[in-house]
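Asker: sequence below, structure please.
(chains A, B, C and D)
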Number of protein chains: 2
Amino acid sequence: MSLNDRKIQILQAIINDYIETAEPVGSRTIAKKYNLGISSATIRNEMSDLEEMGFIMQPHASSGRIPSDMGYRLYVDHLMKKRELSFEEQRYLQGIISRDISQIDYLMEETAKALSALTNYTTFISEPVGQRARIKQIRLLPLDMTSVLLVIVTEDNFMKNHVMKLNSIPDEERIFEIGMYLNRAFQGCALQQIDQTVIRELQFELGEYKGLLKPILKALQITMQAAERVQVHMSGAKNILAFPEFSDISKAKSLFQTLEEKDVLVTLLEECKSNDLHVLIGSENTVQSMKDCSVITATYKLSDDTRGTIGIVGPTRMDYSQVISVLNGMVQNIEKVLRSLSDNNKDG
Amino acid sequence: MSLNDRKIQILQAIINDYIETAEPVGSRTIAKKYNLGISSATIRNEMSDLEEMGFIMQPHASSGRIPSDMGYRLYVDHLMKKRELSFEEQRYLQGIISRDISQIDYLMEETAKALSALTNYTTFISEPVGQRARIKQIRLLPLDMTSVLLVIVTEDNFMKNHVMKLNSIPDEERIFEIGMYLNRAFQGCALQQIDQTVIRELQFELGEYKGLLKPILKALQITMQAAERVQVHMSGAKNILAFPEFSDISKAKSLFQTLEEKDVLVTLLEECKSNDLHVLIGSENTVQSMKDCSVITATYKLSDDTRGTIGIVGPTRMDYSQVISVLNGMVQNIEKVLRSLSDNNKDG
DNA sequence: TGTTAGCACTCACTTAGTTCGAGTGCTAAT
DNA sequence: ATTAGCACTCGAACTAAGTGAGTGCTAACA
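Answerer: From the prediction side, this is the model:
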């Protein structure tokens, strides 16, 4: 029993129909709707084979067939036609860039919103992260009589400001000197590398201003904390409720629970980061509450190692073809915006 | 027909029971469960009066009674007993502070999480915002050969960094001078006040470095944009699905939709900002999809005009007493953390 | 030998009818 | 003024029958 051409045609018909209607597909439906030139009886025989081979299954005896995870996998890997974006979809994606977005978190939110509106699935997106643990610059700025501003910039241009309040602060020149020293001392340094040796050296260098030591170390530690918390933005969670596969409230609830836990999403996105495109179908998901879902992720790159990921979650009966083409389009968009964002000030 | 003591006792019984069970309450239930010393027939007569007065209603003839929005209003304003926090609840709230939280957005997220876990309702919280439109400090910092860092601090210590890329940058001294000038020129200035006069003056002052003008204005504009986008964090949306009043998926969906639109939440929180505590019951809500919900908000203050708001959304059959006491506890907590956060570096 | 028409069978879903019980309102007695 | 008693209402839960989309199998056909 081999997967001949006809079987593939039938499987494709079943998947297409099921993605569209969410109803088990019967032999007569296929015979009528898709002109394969064979009778429903023949189709029944082929379907029986396809079931034996594991590509489709019956929710209960005497019902039509639905694709199995394995069926979807075959579809995604070999059968699916790459769809072109429609004019409207393209325009919609363009709309995101054309607006004047100048902050990353806003861009992320708008992107997630647009994707969930366009696909009717749930979207999440992680901010671009690269060499975040490595310090590029440290600067000190006197703010007023009792406070100094410490600015830390990491390799991937992630910035963190810290106002340090002190009872007495050094004069401007001295602050400048200390700032220069800090910058020299920590440039290119990984945050994790800061150990007792460095601290003692720093303490020595600060001299009479060693009161600064504690707040500086605190600021470094906070930056490290912040750097580790990758921001994830989600949108369109409500869409889940529209799918018949989640009309069982308890299922919807447990999926919601999972989606609300950012850690899970972060892990998921991190795992997929190495691939440009990643499709996880049903039981391929490691998280229990997502065994009925498919997750499609795409990675966007700002530079070779500064990357972020966009993910779309939906029922396994998901419009893979649409989602993949929309994701590809969106990745290009985001990369364009991010690039323009990092040099649109370069003009003087 | 007056609202005598007995009627009030019965109303209270109905509300308590309904909050607990979500089932319409009948006269016999009250007679058995709450020892009012009167028979079910008498209770029936009183209930008939209470219904006529508008405090309770029947979902359908020959069912028990449920409280009306007006009934809940009376309850919240006059009948409800202020609950003390249980030991566990207190410990839970303490848990938030005791952890080492040093970033506002993280604090907001953890607070929202804790509240939704504690109350089983949906929580949202807005970051503290005060004189955000007014500039406190502007600073310039040379970063490398082609970029200058512009730091803008607003009156409420909201900070925004901008890396300005330039083809050629002035030497350090000149940057310092320009920075000082900017600081003088813009200190105490509302972002909206920056008009053509200021710009011309600035352009003159920059002289040969007028290439800086455009990026600086851009940065100011971006800061203004960012300042206007009040961050709102939500948690526990999944809890909505657990309430029988939202077992109708379409209702749950439309509420979700509303909760996902941050603008709506921001407006809601802004409206309640002047009051310490604000309760909106059912139809008192202006948003259509929240007519079946109650919203309780509490305002926390960092200083006189730097405030944020915490809100809890649930069905009108909400445990007002618990939510209010938990909110009060949490407000105190947040204020404590925020205060410690703004001077915990003061020690040198 | 592959294909097809025909048929018996399965099973979820719908509809209508039935019963059950929690609840009410009214009335008459206390 | 209160209460016991009773007829009545109406949603919810259950049951039974009917419907129809679907299958698998068999026998006939090209």
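Asker: A:R139 in helix, strand or coil?
Answerer: Here A:R139 is recorded as strand under DSSP: H, G, I helix; E, B strand; the rest coil.
Asker: excluding chain neighbours, what is closest to it?
Answerer: A:V151 (4.4 Å; Cβ to Cβ, 6 or more residues apart in numbering or on different chains). Yep, even glycine has a C-beta here, placed from its N, CA and C like the rest.
Asker: just the strands from chain A, written as ranges.
Answerer: Across chain A, reading from the start of the chain, the strands by DSSP state E fall at A:56-57, A:66-67, A:122-126, A:135-144, A:147-154, A:159-165, A:232-235, A:277-281, A:293-303, A:306-315.
Asker: for those, which one ends up most surrounded?
Answerer: strand A:122-126 (a mean of 26; mean count of other Cβ atoms under 10 Å in any protein chain shown).
Asker: what is the neighbour count of the residue of chain A at minimum distance from DNA strand D?
Answerer: In chain A, the residue found nearest to DNA strand D is A:G26; the distance is 2.5 Å by Cβ to the nearest atom of the strand. Here the count is done by other Cβ atoms under 10 Å in any protein chain shown, and A:G26 has 19 residues near it.
Asker: who are the neighbours in contact with it?
Answerer: With contact taken as Cβ atoms under 8 Å, 6 or more residues apart in numbering or on different chains, A:G26 is in contact with A:63-65.
Asker: from what I see, the residue nearest to A:R139 and A:I138 are in contact.
Answerer: Yes. With contact defined as Cβ atoms under 8 Å, A:V151 counts as touching A:I138 (7.1 Å).
Asker: got a pLDDT number for the residue of the stretch 51-200 of chain A at minimum distance from DNA strand C?
Answerer: Residue nearest to DNA strand C within the stretch 51-200 of chain A: A:S62 (2.9 Å; Cβ to the nearest atom of the strand). Taken from the predicted model, the pLDDT recorded for A:S62 is 87.
Asker: and A:D347, by the same measure?
Answerer: In this model, A:D347 is scored at 37, pLDDT.
Asker: settle this for me: A:D156 is touching A:T306, isn't it.
Answerer: Yes. Counting by Cβ under 8 Å, A:T306 is a contact partner of A:D156 at 4.8 Å.
Asker: so what sits against both of the two?
Answerer: Residues touching both A:D156 and A:T306 by Cβ under 8 Å, 6+ apart: A:128-131.
Asker: who does the top helix by length along chain A touch, helix- and strand-wise?
Answerer: Ranked by residue count, the top helix of chain A under DSSP state H comes out as helix A:320-343. For helix A:320-343, the packing partners by 3 or more Cβ pairs under 8 Å, 6 or more residues apart in numbering or on different chains; DSSP states H and E come out as helix A:87-98, helix A:104-119, strand A:277-281, strand A:293-303, strand A:306-315.
Asker: residues in contact with A:I324?
Answerer: Shown in contact with A:I324 (Cβ under 8 Å, 6+ apart): A:82-83, A:277, A:279, A:296, A:298.
Asker: now swap in A:D276 and tell me
Answerer: If a contact means Cβ under 8 Å, 6+ apart, then A:D276 has A:298-299 as its contacts.
Asker: quick check: pLDDT value at it.
Answerer: 92.
Asker: is it true that A:V232 touches A:I125?
Answerer: Yes. Look at A:V232 against A:I125 with Cβ under 8 Å: they come within range, at 7.0 Å.
Asker: how many neighbours does the nearest residue to A:I8 once chain neighbours are set aside have?
Answerer: In this structure, A:I8 finds its nearest non-sequential neighbour in A:L79, 6.7 Å apart by Cβ to Cβ, 6+ apart. Neighbour count for A:L79, taken as other Cβ under 10 Å: 16.
Asker: same check on the one 5 residues further on?
Answerer: Counted with other Cβ under 10 Å, residues neighbouring A:E84 total 10.
Asker: tell me who's in contact with the closest residue to it other than its chain neighbours.
Answerer: Spatial nearest neighbour of A:E84, excluding adjacent residues (Cβ to Cβ, 6+ apart): A:S325 at 6.8 Å. A:S325 is in contact with A:82-85, counting by Cβ under 8 Å, 6+ apart.
Asker: tabulate those residues (a markdown table), appending distance to DNA strand D.
Answerer: As requested, the contacts of A:S325 are exported to a markdown table (distance: Cβ to the nearest atom of the strand, whole Å):
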| residue | distance to DNA strand D |
| --- | --- |
| A:K82 | 29 |
| A:R83 | 26 |
| A:E84 | 31 |
| A:L85 | 32 |
